[in-house]
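Novice: Quick one, fold the following:
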Amino acid sequence: MANIVVFGLVFFLLENQHLIIAEYREEEVARFQASMFVTIVAAFITEFFRGQSQNELAQVSIEKNHQANTDPLTKIPNRRFLINSYLPLLQQNEESLFPVAVIATDIDFFKRVNDQYGHVVGDDVICHVVKVIKSNLRNGDVIARVGGEEFMILLPNTEYDSAVSIGQKLNRVLHYSPFVLDEQDINITISLGVTLANRPDELSKAASDADKLLYQAKSNGRNRVESKLES
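Specialist: Numbers count the residues shown, from 1 in each chain. Sure thing, here's the model as predicted:
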């Protein structure tokens, strides 16, 4: 825009030479105007394609960032997303998002599914579990795949009792939502460990405790929710 203003002023002075102490022949003025016009057009074309290139690079960067933070199988966030994006977001919004419930969960006897039906069916089972869990979470809740059949669920602005109730609901819903393969029901259950972080500096310990509670649930028979660590 600044170039257009400058070029416009030059053209105006060339057409009104009585305003400047100089005289140019008509052919000189015509050549100058033609060269200036070509310069403006070339500059516009160059700037246009430079902008297009920058937009494409930005889009590629966004897409790569999305891929890096998304589990390719289930299309839900992965561990990288939790560490690099979501946990910092929670820490920056302590007043509005805490307390945060942390639920660690995985699929019971998943190796049996892979051994009996194959890894393709195993992948379908993982997607089935994710679909059921997501359909029973609130819009602001996050489920991330942090391992093969392991997931971390974060429930912002959730009290302890509510978190335990949600964990029990997820356990119950999965228990009564079998995976269907060739008109055959394959019963899928999950174990869960539920804990709470009241402040940002408690998130790391809450995640660790949730993992311990998950393995406690598995040790106590699976297909259950544990929310208190055994001494």
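
Novice: could you pull out the strands for this protein?
Specialist: With DSSP state E, the ranges of strands along the chain come out as 100-107, 142-145, 150-155, 179-181, 184-186, 190-197, 225-226.

Novice: Which one, of these, ends up nearest to Val29?
Specialist: Closest approach to Val29 among the strands of the chain (Cβ to Cβ): strand 142-145, 67.2 Å. (C-beta placed from N, C-alpha, C; glycine too.)

Novice: avg pLDDT for that closest one?
Specialist: Mean pLDDT, computed over strand 142-145, is 93.

Novice: by contact count, what packs against that strand?
Specialist: If contacts are counted by 3 or more Cβ pairs under 8 Å, 6 or more residues apart in numbering; DSSP states H and E, strand 142-145 sits against helix 79-81, helix 119-134, strand 150-155.

Novice: Go through the ones you listed and pick out the most buried.
Specialist: Across the helices and strands packed on strand 142-145, averaging neighbours per residue (mean count of other Cβ atoms under 10 Å) puts strand 150-155 on top, at a mean of 23.

Novice: can I assume Lys218 is in contact with Ile190?
Specialist: No. Checked against Cβ atoms under 8 Å, the pair Lys218 and Ile190 is beyond contact range at 10.1 Å.

Novice: Could you list the low-pLDDT ranges of the chain?
Specialist: The model of the chain has pLDDT under 70 over residues 21-22, 53, 55-68, 231.

Novice: quick revisit: and for Lys218 and Ile190, which residues touch both?
Specialist: Shared contacts of Lys218 and Ile190 (Cβ atoms under 8 Å, 6 or more residues apart in numbering): Asp108.

Novice: Neighbour count for the two, which is higher?
Specialist: Ile190 (26 against 17; other Cβ atoms under 10 Å).

Novice: check contacts around the more buried one.
Specialist: Ile190 neighbours (Cβ under 8 Å, 6+ apart): 105-108, 129, 170-171, 174, 223.

Novice: Out of these, grab the one that's most surrounded.
Specialist: Most crowded among these, counting by other Cβ under 10 Å, is Thr105 at 27 neighbours.

Novice: what's across from Leu192 in the sheet?
Specialist: The partner list for Leu192 in beta bridges (DSSP bridges) reads Thr105, Val225.

Novice: ok, now which ones touch it?
Specialist: 103-105, 167, 170-171, 213-214, 217, 224-226.

Novice: Pull the distance from stretch 211-226 to the chain's centre.
Specialist: What separates the centre of stretch 211-226 from the centre of its chain is 28 Å, taken as Cα atoms, centre = their mean, to the nearest Å.
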